[in-house]
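# sequence first, then the predicted structure:
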Amino acid sequence: MSIRRTLFWKVAPALVILQLVSVAITAGFIILYAQGAQETLASTALAARVDATAEEIERRTNGLALGADSLDASLRLDLSYRFPDPLILVNLDGSAAEPVWPAPDGFPSESQFEDSTWTEPSFIQLEEAYDDVVIDLSDDDVPGGFASAPLYDAAGFPVGLLVVQPLTRSLDLELSESRTAFRQSVQNGAVLAIAIALLFGALLTWWLVRPVRRMASVVSEMGGDWQATRVDVEGEDEVAQLGQAINDMAERVAESIRTLKDTDRVRRELVANVGHDLRTPLAGIRLHIEEAIRFDQESRPEEARSALGTAQRQVDFVARLIEDLFELSRLEGDRSLLRLEPVPPAELVSELVGMYQSAATSAGVTLETELAHGLPIIHADGTRLIRLMGNLVSNAIRHSSHGDRVVIGVGSNEGALRMTVTDMGSGMDAEQQERLFDRYYRGEDARTRSSSNKRTGLGLAIAKAVAEAHGGRLEVESVKGEGTIMTLSLPLDDQ
């Protein structure tokens with residue numbers, strides 16, 4: 001995976017940008033709210049410097065006794081290093097001496113002032129100008145603002161003003177350190193913000209991506225084992241919901257795989273069973289047809305018709321066998337094939353009696369019923385239950401002697417509906433009971449096959465499959481020479 005495609009490199013830059021935007025907004029508010037305070041502090045500092053310069057001039061010129069032009073060369077040189085802006089001495093009558101320009105070696109970038117002309121601030125014409133130091137940073141009176149301080153003689157009377165104008169360079173000089181400190185703070189804040197954003201992005205990405213990576217790992221493992229591998233779901237947030245969705249998907253995939261495997265198993269078993277069980281009858285059909293052809297060629301029509309009749313009965317047997325094999329394979333492979341509907345047990349028994357009363361009468365067997373009171377209605381596949389119970393009743397009649405009774409009983413206990421078919425026939429020993437429901441069992445008295453060869457031998461195997469498809473079971477109790485009890489148990493809780 002490319003580094004740029006990872007979630008970290010999608011989250012971290014966004015966090016860095018957000019941090020930088022946050023720093024920029026914060027810096028903007030700091031500039032907005034601190035600008036006034038900075039200018040106030042700068043004005044105070046400038047006022048102190050201007051006042052100190054005025055005192056120095058008074059001390060070194062004896063109060064400007066000779067006027068604004070009385071500055072000697074030494075004092076003018078010293079004053080040229082005081083401010084990066086021009087200094088002008090103004091007499092009481094408003095006349096101004098030659099400006100003291102900033103020294104080129106002290107303020108090398110300010111030499112352009114030598115070509116400037118002085119604009120007299122209107123403020124110096126007011127009496128208030130001689131009361132105290134004045135700092136005006138606006139452009140209302142003089143472009144760039146000005147500063148003025150009164151000059152006094154030895155007796156304490158005002159003799160003129162010290163004016164610094166404009167204040168652009170002086171203000172910049174006063175603010176230079178704070179601006180440098182502010183820029184350094186912004187730079188440091190940006191570096192710190194980037195570092196915090198990267199760290200926070202890494203932690204946040206790890207916290208978010210770790211469960212996602214676990215899920216990705218589990219999903220990749222699911223390809224090898226959809227049955228056992230699942231995502232550990234913790235909490236109820238979106239990540240947990242994603243994990244649960246993956247688990248639900250895995251369950252559906254696993255169920256689909258199981259269904260496919262069952263379907264494939266049924267298909268293979270059906271092919272194998274059909275191949276196994278059809279080999280002999282098909283060979284018999286072929287033999288009887290060949291005999292019919294031979295009898296016809298020998299002008300023996302009666303024998304030919306008899307052979308064709310036998311072949312026809314074999315064909316009918318094969319058709320029934322294929323149908324039974326297909327039904328058995330479907331029942332063993334997919335329980336969802338059942339068509340569940342409300343089935344009253346009493347009506348089911350009544351229908352069974354109607355179906356097999358004639359066969360019982362012909363065999364000299366009495367068909368009886370024993371129904372408990374208050375039988376619950378069950379949800380089942382009525383058609384397949386009729387086939388199951390019919391198979392049991394048919395076998396019971398066939399293995400009973402003249403004068404015997406076959407009893408169909410229905411009751412419920414322990415959360416299950418129990419349907420029994422009891423006969424007084426020959427019964428079975430333990431070995432026969434153990435193998436009774438085997439698909440290919442052919443015992444001497446096998447109850448799955450008659451001497452007339454009209455039955456396929458799969459009846460009880462199908463009956464057992466129907467019972468298990470309903471979540472129930474089919475059991476046998478038999479004593480050799482005394483009879484047999486076949487019991488179908490169907491759970492009532494799942495109905």
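Received it, and whenever you're ready, just let me know what you need. Numbers count the residues shown, from 1 in each chain.
# could you list the domains of this structure?
Using automatic domain parsing, the domain parsing of the chain gives 3-175, 238-333, 339-491.
# got the ones you listed as a markdown table, with mean neighbour count columns?
Backbone N, C-alpha and C define where each C-beta goes, glycine included. Listed next are the domains of the chain as a markdown table, based on neighbours: other CB atoms under 10 Å:
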| stretch | mean neighbour count |
| --- | --- |
| domain 3-175 | 16 |
| domain 238-333 | 15 |
| domain 339-491 | 17 |
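# is Leu161 bridged to anything, and to what?
Beta-bridge partners for Leu161, by DSSP bridges, are Val90, Pro150.
# related to what we said a few turns ago, how about the domains of the chain in TSV, adding mean pLDDT and distance to Val231?
Output for these, formatted as TSV (pLDDT from 0 to 100; distance: least, CB to CB, whole Å):
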stretch	mean pLDDT	distance to Val231
domain 3-175	76	18
domain 238-333	76	4
domain 339-491	83	31
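# can I get these in a markdown table including distance to Trp206?
Converted to a markdown table, the domains of the chain look like this (distance: least, CB to CB, whole Å):
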| stretch | distance to Trp206 |
| --- | --- |
| domain 3-175 | 8 |
| domain 238-333 | 13 |
| domain 339-491 | 49 |
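# can you tell me which of those domains comes nearest to Gln187?
domain 3-175 (10.0 Å; CB to CB).
# quick one, helices of this protein?
Here the chain has its helices, by DSSP state H, at 8-61, 73-79, 168-222, 238-297, 301-333, 345-362, 382-398, 430-434, 459-469.
# nearest to Met424, out of the ones you listed?
helix 382-398 (9.0 Å).
# the closest one vs helix 345-362, what angle?
30 degrees (axes from the mean of the first three to the mean of the last three CA atoms, to 10 degrees).
# tell me the gap between helix 382-398 and the middle of its chain.
Here the centre of helix 382-398 is set off from its chain's centre by 52 Å, with CA atoms, centre = their mean, to the nearest Å.
# isn't Ser378 right next to Ala416, touching?
Residue 378: Ile, not Ser. No: counting by CB atoms under 8 Å, Ile378 does not reach Ala416; the two are 10.1 Å apart.
# circling back: format the helices of the chain as JSON lines; extra columns: distance to Leu92.
Output for the helices of the chain, formatted as JSON lines (distance: least, CB to CB, whole Å):
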{"stretch": "helix 8-61", "distance to Leu92": "15"}
{"stretch": "helix 73-79", "distance to Leu92": "20"}
{"stretch": "helix 168-222", "distance to Leu92": "25"}
{"stretch": "helix 238-297", "distance to Leu92": "83"}
{"stretch": "helix 301-333", "distance to Leu92": "121"}
{"stretch": "helix 345-362", "distance to Leu92": "131"}
{"stretch": "helix 382-398", "distance to Leu92": "128"}
{"stretch": "helix 430-434", "distance to Leu92": "139"}
{"stretch": "helix 459-469", "distance to Leu92": "124"}
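# closest to Gly374 out of the ones you listed?
The nearest among the helices of the chain, by CB to CB, is helix 345-362 at 10.6 Å.
# got the contact list for that closest one?
Applying CB atoms under 8 Å, 6 or more residues apart in numbering, the contact partners of helix 345-362 are 366-367, 369, 371, 375-378, 382, 385-386, 389-390, 393-394, 397, 406, 408, 410, 417, 419.
# ok, now with 10 Å
With CB atoms under 10 Å, 6 or more residues apart in numbering as the test, helix 345-362 has contacts from 344, 363, 365-372, 375-378, 380, 382, 385-386, 389-390, 392-394, 396-398, 400, 404-406, 408-412, 417-419, 421, 490.
# do the same with stretch 230-242
207-208, 210-212, 214-219, 221-222, 243-247, 250-251, 254.
# can you tell me the closest non-neighbouring residue to Thr119?
Val142 (5.4 Å; CB to CB, 6 or more residues apart in numbering).
# this completes my enquiry, with thanks.
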